[in-house]
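Enquirer: below are the sequence and a predicted model for it; my questions follow.
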Amino acid sequence: MTGKAIKPMSVYRTNDGRWRFRVMGHWANGSAKRVSGTAPKNQNTKAAAQWAEAQQLAFMATQPRPGSGATQEEPPPSTPAPASAASSEPARPVATKSIPTLTAFADTFLAAAKLHNKESSIEIKESALRLHILPHIGDLRLSDIDFAVIQDLTFAHKESPNFVCKRKPRITHPNTVNRVLACLKHVLRLAHKRRLIESVPEFARLTAPPAKFDFLTFEEADRLVAAAEGEWRTMVIVALHTGVRRGELLALGKQAVDVKHRRIAVVRNYSRGRLGTPKSGKAREVPLNETAARALAAHAHDRSEDFVFCDARGKPLVETRVGRQ
């Protein structure tokens, strides 16, 4: 197999020349089930298969989920596709009731996101859905989420206290609201690609105040180094003189350090207890000045065959502890 993604197609032609469909349908309560079938008899065209697929989805959307206790109707008898479907290929109609709710579609979105995103990004998306989106509009069908719904969701977050805060409640920061809206937009884009909705509604981002940067002065940097001890002192020196991120320092391997040529190779990152690629997804070389090179040369230890910075067991340092230090 190659590394290229395979584009899913609900209607396809098999080796015997027969047009068939295989698609994810939804019961009346929004729960999903994969269904399949063929074009009507004596109408072996792609458009006819699309027509049969639409009929199957429309019928399924009116029926209760099997096992729910409710009685299902008998499926209607197979009927020929309209004459236009025998030769043309119209856009596949989507029955309103076949469109899942946002909550029902959330699992599909997260499964798709896992194909192309890091674990930390998945956790952020899952948190945005669980805490900020689904409690407000999870019961709505995807087609019912329009600009007004999105704007009301924005109002609900902008004007309410941040319930995650354990101390004094504060209004949710505009950047947090924008991240929530970005997650919802990605959900609706996927729904549009899967032909569950006709279009993606407009989104209006909030204007966030300019970010404030509080750079260390040279005197503050010297005091920080003087206050650090042992493992932390070396890490602080390297961080100050290279600009390498915390997770990249935690993942720094001994083989990646070249003191002789004054350089380190940043090829991985340590976050949330897992090793992964750097934030950019690409490896890079970072030059070392004399101060950083001298600190790393003096930092030799045998606690780990891999990690430069580690605890007594040779394991990567805990992120929260690094932050406190």
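Expert: Received, thanks.

Enquirer: wait, is Glu126 part of a helix?
Expert: Yes: counting by DSSP: H, G, I helix; E, B strand; the rest coil, Glu126 is part of a helix.

Enquirer: count the neighbours of it for me.
Expert: Other residues near Glu126 come to 15 when the count uses other C-beta atoms under 10 Å. (Each C-beta comes from the backbone N, C-alpha and C, glycine too.)

Enquirer: how far away is the closest residue to Arg262 other than its chain neighbours from Ala265?
Expert: In this structure, Arg262 finds its nearest non-sequential neighbour in Leu288, 4.3 Å apart by C-beta to C-beta, 6 or more residues apart in numbering. Counting by C-beta to C-beta, to the nearest Å, the separation of Leu288 from Ala265 is 11 Å.

Enquirer: which one of these two has more residues nearby?
Expert: Neighbours per residue (other C-beta under 10 Å) separate Leu288 from Ala265, with Leu288 holding more: 21 against 15.

Enquirer: the more buried one against Val259, yeah?
Expert: Yes: between Leu288 and Val259 a contact is recorded at 7.4 Å, counting by C-beta atoms under 8 Å.

Enquirer: any common contacting residues for these two?
Expert: Taking C-beta atoms under 8 Å, 6 or more residues apart in numbering as the criterion, Leu288 and Val259 both touch Leu296.

Enquirer: pLDDT weak spots in the stretch 151-300 of the chain?
Expert: 159-171 (pLDDT under 70).

Enquirer: where along it do the strands fall?
Expert: In the stretch 151-300 of the chain, the segments counted as strands under DSSP state E, counting those that start in this stretch are 257-258, 263-266, 269-271, 274-276, 284-287.

Enquirer: Pro64: which of those is closest?
Expert: If you check each of the strands of the stretch 151-300 of the chain against Pro64 by C-beta to C-beta, strand 274-276 wins as the nearest, at 41.7 Å.

Enquirer: by contact count, what packs against that closest one?
Expert: Strand 274-276 sits against helix 119-127, strand 269-271, with contacts defined as 3 or more C-beta pairs under 8 Å, 6 or more residues apart in numbering; DSSP states H and E.

Enquirer: now the following helix or strand past the first one: buried residues?
Expert: It refers to helix 119-127. Per DSSP states H and E, the first helix or strand lying C-terminal to helix 119-127 is helix 134-137. Buried residues in helix 134-137, counted by 16 or more other C-beta atoms under 10 Å: Ile137.

Enquirer: got it, and stretch 294-306?
Expert: So, applying 16+ other C-beta under 10 Å, buried residues of stretch 294-306: Ala295, Leu296, His299, Ser304.

Enquirer: likewise stretch 143-162?
Expert: Counting neighbours by 16+ other C-beta under 10 Å, stretch 143-162 gives Ser143, Ile145, Val149, Ile150, Leu153, Thr154, His157 as buried.

Enquirer: how long is stretch 268-285 end to end?
Expert: The first residue of stretch 268-285 is 12 Å away from its last residue (C-alpha to C-alpha, to the nearest Å).
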